[in-house]
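Got a predicted model here, sequence first, then my questions.
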Amino acid sequence: MLTRRTLLASTAALGAAGLDLPGARAATPPGVVVMAKQIDDVISFDPAESYEFTDNETDGNCYRKLIVPDAKDPNKIAPDLAERWEVSPDGMTFTFHLTEKAKFGSGKPVTAADAEFTFHRVVQRNKTPAFIITQFGYTKDNVEKLIRATAPNTLVMELPTKQAPSFVLYCLSANVGCIVEKAAALANQQNGDLGNGWLKTHTAGAGPFKLTSWQASDHIIVDANPGTGERAGVKRVVLQHVKDPAEQLLLLQKGGVDIARDLLSDQLKVIAGNPAFHIVEKGQANQLYIAMNQSMPELAKPEVHQAIKWAIDYQAIAKNITPQTWSVQQSFLPRGIPGALTEQPFDQDLGRARTLMGQAGLQNGFSCTMDFISAPPFDQIAQAVQADLSKIGIKVQLLPGEQKQVITKTRARQHQLAMLVWGSDYFDPNSNAQAFCANPDDSDNSKLKILAWRSHFVNKQLTMQVEDAATELDSKKRLDLYKTMQEEFWDVAPFAMMLQRNAVAAMRKNVTGFELGPMPDFTHWADMRKS
């Protein structure tokens, strides 16, 4: 639990301002911004391993990358640590020229050797997000030869195989592209882990903040990182785990927190029009979906896939449970990603769904379980889905769990139905196309262990189309391929795509400068001010 003693002890060690437990005082301390947020998804803060929403958001404020999506237009790439870059005429070589001004929190300059080390360790450690880099053909055997610092501020990346340049650049802008200080990681490595154990709970970046304290499902504390020279408007940011949106609202109203991150429509209505509060909104590339594990015989039937999709009342869920915060989106590409289809081919048609169940030979229904995140609004949505599926004879036993527990279970392919949130890894359609459609190897030793693999969904045609689109240099032809994929996915995939998130942050009037991003790691804290 986040206590006064914990925070004061942290203060003594760091010489920074302490924070009282919200219930112990009417207002949070000056220079400290406290956010109430559901943070039970955190597994690791190592950029080579971090793959969840909250740890990615934290990394995005503690590290910098070579390049990032343009803040004004996420469909364009902007410089970060790399001032400029060139792509060779054959599309096989990328050369990045790093700024000479950037520094890590240690005060040491950021060099091409740090960038080289960063990408080498991603491939060599081969943790969950490593596929974002290894999908280009990088391996432990070739990465040191192909990705190399050729000068103190010049990094050369040769591709093993030709890829669409925009695809490569967007992948480098993903959280896995956060540049890690080589000296700090190696100084803390154990048994050749390249600092992975230490970086799970520490940061070694050039961002405006550094990780100070983390306790699972309780709190995250970051402090300003003055050694970088990066500007931070407040000296400390605290993310306090508050699972219940109603409790988040109460803390916000009483001054126990400055920002509430997970308010639902009912709570937002309470503060609407109140000058003591203001709201920031941003459409995000996060989608709620139901996965149907093909290892379960009943769920492996194509007619059942379609029956489930036709049984759900998407519009009622969006209208009654998630107005303003989640809206219906039934493509595997979220709105805002190039090529996303916004049609909504499915609505609740129970007659059609029952007919499909009969065609599957399951007119009497069947029983299954559904894992889901045990926090609002997901608990309410899960109950609505349970009621909808019962109308076509599918009896669902709900299995609530913390987000990281549900994620871990689905990664082990131990679910039947699972309702989860997926966030795009980068602003290129390949991110979601690959996740939902590509499964070239369904064995336990597969190199690509994302959503299709986790539910044993194997479709050779979609897998081939994902590969073709990733290497298509003609942008129009590439988007046409994604259009075809989305339409085929509606017909054959064991995924019911339901909703897309509209992120909303409610804050007290004295807090300004908080910026939500289209993806978690592009949510910025550095410009926050507290008067």
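Now that the structure is in, tell me what you want to look at.

Would you mark the buried spots in stretch 404-414?
By 16 or more other C-beta atoms under 10 Å, the buried positions in stretch 404-414 come out as Lys404, Gln405, Val406, Ile407, Lys409, Thr410, Arg411, Arg413. (C-beta placed from N, C-alpha, C; glycine too.)

which one of these sits closest to Pro160?
Arg411 (26.7 Å; C-beta to C-beta).

contacting residues around the nearest residue to that closest one once chain neighbours are set aside?
Closest residue to Arg411 apart from its sequence neighbours, by C-beta to C-beta, 6 or more residues apart in numbering: Arg454 at 6.2 Å. Neighbour list for Arg454: Ala291, Asn293, Thr410, Arg411, Arg413 [criterion: C-beta atoms under 8 Å, 6 or more residues apart in numbering].

repeat that with 7 Å
Ala291, Thr410, Arg411, Arg413 (C-beta atoms under 7 Å, 6 or more residues apart in numbering).

Next one, pLDDT for it please.
Arg454 is assigned 98 on the pLDDT scale.

Kindly provide the distance from it to Thr463.
In this view, Arg454 and Thr463 are 15 Å apart by C-beta to C-beta, to the nearest Å.

ok, now Val33?
45 Å.

between the two, who's got more neighbours?
Val33 (25 against 19; other C-beta atoms under 10 Å).

Name the SS class of that one, please.
The three-state assignment at Val33 reads strand, by DSSP: H, G, I helix; E, B strand; the rest coil.

do Leu499 as well
Assigned state for Leu499: strand (three-state reduction, three-state DSSP).

And the buried residues of stretch 404-414, which is closest to Gly513?
Distances from Gly513 to those, taken by C-beta to C-beta, are shortest for Lys404, at 29.9 Å.

Check the contact between that closest one and Asp40; I expect there is one.
Yes: counting by C-beta atoms under 7 Å, Lys404 does reach Asp40; the two are 6.1 Å apart.

Mind listing residues that contact stretch 115-128?
Here stretch 115-128 has contacts from 48-49, 51, 66, 98, 130, 133-134, 138-140, 143-144, 147-149, 155, 176, 179-180, 182, 194, 196, using C-beta under 7 Å, 6+ apart.

do stretch 267-287 as well
245-246, 249, 324, 329, 334-337, 421-424, 497, 499-509, 514, 516-519.

The stretch 1-150 of the chain: helices as residue ranges?
In the stretch 1-150 of the chain, the helices defined using DSSP state H, counting those that start in this stretch lie at 4-14, 53-62, 112-125, 131-134, 143-146.

Out of these, flag the one nearest Leu417.
helix 53-62 (21.5 Å).

In a strand, Asp223, correct?
Yes: assessed with three-state DSSP, Asp223 lies in a strand.

Which strand residues bridge it?
For Asp223, the beta-bridge partners under DSSP bridges are Lys210, Arg236.

on that earlier part again, just the buried ones from the contacts of stretch 115-128, in PyMOL syntax?
Buried members of the contacts of stretch 115-128, defined by 16+ other C-beta under 10 Å, are picked up in PyMOL with:
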select buried, resi 48+49+51+66+98+130+133+134+138+143+147+148+149+155+176+179+180+182+194+196
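
Following element in sequence after the lengthiest strand in the chain, please.
Taking DSSP state E as the criterion, the chain has its longest strand at strand 277-292. Heading C-terminal from strand 277-292, the first helix or strand you meet, by DSSP states H and E, is helix 302-311.

Am I right that Ile392 is in a strand?
No: going by three-state DSSP, the assignment for Ile392 is coil, not a strand.

Tell me how many other residues surround it.
Ile392 has 23 neighbouring residues, counting by other C-beta under 10 Å.
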